[in-house]
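# Next one to model:
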Amino acid sequence: MRGSVIYDLMETWEFGKEINREMAQVIYKNVDELMEKELRDIDDLLQRNKLNLAFVSMMRLTSFINSGVAKLPSIIRKLEKWVDRLKSSANLMAKKFKAESFSISVGLPAGISVGLSFAISKAPRHLRI
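This is a model prediction of the structure:
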């Protein structure tokens, strides 16, 4: 699936190119492909206990979508059908990380965010300050 227009754009963004309105329209048109593949990959990483990689993948996905939302807020509408799927992945991530809870927030101008909450004494060692 890599090599598709949305993944080419994501790679361009990852290497420092700022998303413009045209690029945001590509995200809008391809958000279903992106969400399907990325959430499936994140769940697979969680099942294989590659927790840090799964967490970074979730941050990458939400950051990329948010970069498009900043230029084209209507992208958020396209995420409606992905809320339950995103919630399922976030719940699995919270369980694997032994988080006390998780949250999913959507708003403008920020876009979408996924958060995990830990009691300081119960946070996994690699996440403690």
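
# Checking the nearest residue to Asn20 once chain neighbours are set aside next. Helix, strand or coil?
Of all residues not flanking Asn20 in the chain, Lys71 sits nearest, at 6.4 Å (CB to CB, 6 or more residues apart in numbering). Any C-beta I mention is one placed from the backbone N, CA and C, and that applies to glycine too. Put simply, Lys71 is coil when judged by DSSP: H, G, I helix; E, B strand; the rest coil.

# Lys71 contacts Glu18, correct?
No. Lys71 is not in contact with Glu18 according to CB atoms under 8 Å; the separation is 9.1 Å.

# returning to that earlier point: just the pLDDT for the residue nearest to Asn20.
At Lys71, the model reports a pLDDT of 94.

# And for the one 3 residues further on?
As summarised for this prediction, Ser74 has a pLDDT of 92.

# Report the separation between Leu45 and Val114.
Distance check for Leu45 against Val114: by CB to CB, to the nearest Å, it reads 14 Å.

# Same question for Ala70.
Ala70 is 18 Å from Val114, where distance means CB to CB.

# Same drill for the two, tell me which one is more crowded.
Neighbours were counted for Ala70 and for Val114 using other CB atoms under 10 Å; Val114 has more, 19 against 16.

# Pretty sure that one sits against Leu92.
No. Counting by CB under 8 Å, Val114 does not reach Leu92; the two are 11.6 Å apart.
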